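In: Here is the input, now give the coordinates:
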Amino acid sequence: MERKRLLYLVSSDPRVSPFDINMAYDAGFDAVVPYPSVDVGMVPGLVQDIMFSRGAKGARFSSVFFSGSSLAASEAMLKAARASLFPPFLLGLMIDPKGAYTTAAALVARVAALARTRGPGEISGLRVLVLAGTGGVGRAAAALLARAGATVILTSRSRESASAATHEIGELFGAAVEPRAAPAEADRAALAAESDIVLATGAAGVPLLSRKTIETLKGPKVLADVNTVPPHGLDGVRPQDDGVEVAPRVLAIGAMTVGETKFKVESTLLKDLLTAEGPPVIDLEAARRRAIDLLAST
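Out: The predicted structure follows:
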């Protein structure tokens, strides 16, 4: 009898995102089993039940995807899962907290490619501003950019919130990011004027920079927005923009352009869970590498 390919979606949130469920089925899994409201202490028992129930040869046909909105909780669960595995009972593991890792990987890859070919140059040594960066995408993108050698500033309305985010970035990823309070547009505009790259990673429908402010920016710069829901984070940056000049030598990337790459990153990584020769562990670094490879092949 042919083994069914099963994916267990594990989240600390009270519900599991239908986005990841749909993506997993479309990638080819036979069944996707959501496990909401899980804490790290429950992970070893859950993983052992999954792997032992299918036997040494059947364990490989099961995978676990950690999808909660908390980066710290998801990373802790991934660590606990890895510690629970041993040969020959091995499962594929993937982490993408509320889509943050695949989105951040796509965002950074797109921005880096545009900066290198038409903008201020290689990421290493550039000044990057992550506006409203306390969410998962902002934290993950800031970590990737800082690890690539950029000087990164992450903003929030309050210094306390920004500091908490940058502290977690340091704890989880070993990356140094500077926190700044930027409650008013004037604060954000001043920081944007001093930056080579500006990323808008705030909540849907929350404007961060006006068109008037963007038109005063001096290039070369790259701007990118991950907010598809109007009003957009960067006024005048359209979701479909892909290197559009919105001010002299100021180039813009819109949310749909980022989303197209994010979709491909997550889809192909999910397929890796099904087809990789050895059970993979897919994390933020794996998402970063995949995004770069996908852009290079287009």
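In: ok, the residue positioned nearest the centre of the chain to V64 distance?
Out: By Cα atoms, centre = their mean, the chain has its centre lying nearest to Y101, at 2.5 Å. Applying Cβ to Cβ, to the nearest Å, the value for Y101 to V64 is 15 Å. (Glycine included, C-beta is placed from N, CA and C.)
In: again with P44
Out: The span separating P44 from V64 equals 12 Å under the rule Cβ to Cβ.
In: cool, and D241?
Out: In this view, D241 and V64 are 37 Å apart by Cβ to Cβ.
In: Looking at those two, which one has more neighbours?
Out: V64 (27 against 21; other Cβ atoms under 10 Å).
In: Need the residues that contact the helix or strand of the chain with the lowest mean pLDDT.
Out: Sorting the helices and strands of the chain by mean pLDDT, DSSP states H and E puts helix 55-58 at the bottom, at a mean of 87. Here helix 55-58 makes contact (Cβ atoms under 8 Å, 6 or more residues apart in numbering) with 3, 88-89.
In: From the contact counts, what lies against the helix or strand hosting V33?
Out: V33 belongs to strand 31-35 when assigned by DSSP states H and E. Packed against strand 31-35, as judged by 3 or more Cβ pairs under 8 Å, 6 or more residues apart in numbering; DSSP states H and E, are the following elements: strand 6-10, helix 18-27.
In: Show me which of those has the highest average neighbour count.
Out: strand 6-10 (a mean of 24; mean count of other Cβ atoms under 10 Å).
In: Report the inter-axis angle for that strand versus strand 31-35.
Out: Relative orientation of strand 6-10 and strand 31-35, computed by axes from the mean of the first three to the mean of the last three Cα atoms, to 10 degrees: 20 degrees.
In: How far off centre is strand 6-10?
Out: 19 Å (Cα atoms, centre = their mean, to the nearest Å).
In: Any stretches of the stretch 101-250 of the chain with poor pLDDT?
Out: For the stretch 101-250 of the chain, no stretch has pLDDT under 70.
In: how about V64, secondary structure?
Out: strand (DSSP: H, G, I helix; E, B strand; the rest coil).
In: Pretty sure it sits against G92.
Out: Yes. Counting by Cβ atoms under 8 Å, G92 is a contact partner of V64 at 7.4 Å.
In: Give the residues shared as contacts by the two.
Out: With Cβ under 8 Å, 6+ apart as the test, V64 and G92 reach no residue in common.
In: got the buried residues for stretch 26-46?
Out: 27, 29, 32-35, 38, 40, 43, 46 (16 or more other Cβ atoms under 10 Å).
In: now do stretch 231-239
Out: 232-239.
In: if we look at it, which residues are touching it?
Out: Outside of stretch 231-239, the residues within contact range by Cβ under 8 Å, 6+ apart are 131-132, 198, 200-202, 205-211, 214-215, 223-228, 244, 246, 252-257.
In: if we go to 6 Å?
Out: Contacts with stretch 231-239, where a contact means Cβ atoms under 6 Å, 6 or more residues apart in numbering, come from 200, 202, 207-211, 214, 223, 225, 227-228, 246, 252, 254-256.
In: just stretch 67-84 next, same as before
Out: With Cβ under 6 Å, 6+ apart, stretch 67-84 has contacts from 9, 11-13, 20, 40, 43-44, 47, 64, 66, 93, 95, 97-98, 136, 172.
In: Kindly reformat the helices and strands packed on strand 31-35 as TSV containing mean pLDDT and distance to A181.
Out: Shown next, in TSV, are the helices and strands packed on strand 31-35 (pLDDT from 0 to 100; distance: least, Cβ to Cβ, whole Å):
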stretch	mean pLDDT	distance to A181
strand 6-10	97	35
helix 18-27	97	32
